[in-house]
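Novice: Below is the structure, and that's it, no one-letter string:
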Ligand SMILES: Nc1nc2c(ncn2[C@@H]2O[C@H](COP(=O)(O)OP(=O)(O)OP(=O)(O)O)[C@@H](O)[C@H]2O)c(=O)[nH]1
Ligand SMILES: [Ca+2]
């Protein structure tokens, strides 16, 4: 018996081995998991930056974008970190003193220096794209237009950023990059499924862009843009109507109602009780107004509101010309447009105006009714109801709402049925809808033509799976040790 106990005490060599194996096993599993986690854990987040200046006809805005450095080609990764609105008018308004155009940008560029970390300044690309205001200025006076661009270039070159150029972008680019922006932010490009059309209403031009099928296109090459993004092909219809932004459309509508020499204009697009003295030159000082320009500009008139939405729409309709359509179908001014394919996102002034008028979720009929009511409200009442709103904007909402109605229905041919496919938007996931983000993504090659290879599992899934497999191995190991144990004990007892 004593011998047997002694053997039992002496023989557990196997238990020492088992303990050793267990310790080694656990250590190995812990080492394996730790190595895998450390090796694959996302690096400390580093960000990159890009700056785009949107030099619009009414104002300039500086957009600062930010994205994780190692995920440049991942859709939805770039977001707007900051927007700085430049004080004063758009750069095209500095035609009488071009050097001030550049100066106007300094405050926002100083702000940009604070928002982008100093160590990233030198590698941060900086672009300026000018739109319809500068397109009009280049038509009026190419020399002054070059001076304005030279002036902004001088100031942008003096910043610590990597200046990449200041240029007037084309109407097609403006439309197509707006479309890329909203579909990128909506994360629709990688999925390759349905996309959203883009409707942009600026001060001097307006753009309509939507994906269409091959059959619809080919009629008009100048309205076609093709892209291959993340392995998907897109054929876009796009058109930019110069002079049909909301400020130029207002001038056109007013000019068409005004008769030079008359001392007053009774305007149905302004609320009753509104009355402002204007100089004819303020209406006709635009290359958008061709006919009826007075030889002398000294005349003035009193702009009097009449507040009648349906008469206002009639006046607006007259600024859309109908020279005949040389294609299978047209929008207005003889411009080709295939059947509209929604859904659509409508931004810029489409949003400012419809949001103010509380018309972002009404039917077409409901919108018409509300417009009738808004326009027929006396001006003093409107001012009382909205004391904090800039008077210039407030006075123009009756015109602007009716212009949007007319542009979308008479112009682009939206109907009661298709009206609901339009969403009025300002931002998507914190970034403004507009052409600037798409422009930067394109110039920095951040949207690849082919879908980038990605690991089959996301990082979190990979770590979980690894832990799970290790746990299973460990449990199996424990079971085998346990089943080995009694056998050893029995053997000891036999001996
Ligand atoms: N009601 C209202 N109107 C605004 C606001 N901000 C800008 N606008 C006006 O809306 C119109 C369009 O503005 P933007 O989209 O900035 O136009 P833009 O880019 O300067 O002009 P384009 O060069 O034609 O694109 C202009 O008439 C602006 O004066 C706002 O906050 N409220
Ligand atoms: Ca614009």
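Specialist: Good, I have the coordinates. It should be emphasised that the depicted structure is a prediction, and the values quoted were computed from it without experimental measurement. Ligands and ions are numbered 1, 2, ... in the order given.
Novice: Would you mark the buried spots in stretch 299-310?
Specialist: 299, 301, 303, 305-309 (16 or more other Cβ atoms under 10 Å). Where you see a C-beta, it was placed from the backbone N, CA and C, and this is true even at glycine.
Novice: Tell me the buried residues in stretch 108-122?
Specialist: 108-109, 112, 116, 120-121.
Novice: okay if I get the residues you listed as a markdown table plus secondary structure, pLDDT and distance to residue 439?
Specialist: Shown next, in a markdown table, are these (DSSP: H, G, I helix; E, B strand; the rest coil; pLDDT from 0 to 100; distance: Cβ to Cβ, whole Å):
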| residue | secondary structure | pLDDT | distance to residue 439 |
| --- | --- | --- | --- |
| 108 | helix | 98 | 18 |
| 109 | helix | 98 | 18 |
| 112 | helix | 98 | 17 |
| 116 | coil | 98 | 18 |
| 120 | helix | 97 | 20 |
| 121 | helix | 98 | 21 |
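Novice: between the residues you listed, which is closest to ligand 2?
Specialist: Lowest distance from ligand 2 to the buried residues of stretch 108-122 (Cβ to the ion) belongs to residue 108, with 16.4 Å.
Novice: Confirm for me that that closest one is in contact with residue 84.
Specialist: Yes - the criterion here is Cβ atoms under 8 Å, and residue 108 meets it with residue 84 at 3.7 Å.
Novice: Would you mind listing what in the stretch 51-200 of the chain touches ligand 2?
Specialist: Within the stretch 51-200 of the chain, the positions near ligand 2 by Cβ under 5 Å from the ion are residue 56.
Novice: Repeat the analysis, applying 6 Å as the threshold.
Specialist: 56, 131 (Cβ under 6 Å from the ion).
Novice: any idea how far residue 204 is from the residue in the stretch 1-150 of the chain that ligand 2 sits nearest to?
Specialist: Proximity of the stretch 1-150 of the chain to ligand 2 (Cβ to the ion) peaks at residue 56, 4.1 Å away. According to Cβ to Cβ, to the nearest Å, residue 56 and residue 204 sit 8 Å apart.
Novice: can you list residues touching both of these two?
Specialist: Between them, residue 56 and residue 204 share these contacting residues under Cβ atoms under 8 Å, 6 or more residues apart in numbering: 131-133.
Novice: For the residue in the stretch 201-350 of the chain that ligand 1 sits nearest to, grab the count of nearby residues.
Specialist: Ranking the residues of the stretch 201-350 of the chain by distance to ligand 1 (Cβ to the nearest ligand atom) places residue 202 first, at 2.2 Å. As a burial measure, residue 202 scores 27 neighbours (other Cβ atoms under 10 Å).
Novice: doesn't residue 130 make contact with it?
Specialist: No - Residue 202 is beyond contact range of residue 130, at 11.6 Å (criterion: Cβ under 8 Å).
Novice: who touches both of those two?
Specialist: Contacts common to residue 202 and residue 130, judged by Cβ under 8 Å, 6+ apart, are residue 56.
Novice: can you pull the contacts of residue 26?
Specialist: When contacts are counted by Cβ under 8 Å, 6+ apart, residue 26 touches residue 474.
Novice: give me the element it is part of.
Specialist: Secondary structure from DSSP states H and E places residue 26 in helix 13-40.
Novice: tell me the contacts of the nearest residue to residue 93 once chain neighbours are set aside?
Specialist: Leaving aside its sequence neighbours, residue 93 sits nearest to residue 133 (Cβ to Cβ, 6 or more residues apart in numbering; 7.3 Å). By Cβ under 8 Å, 6+ apart, the contact set of residue 133 is 55-58, 90-93, 203-204.
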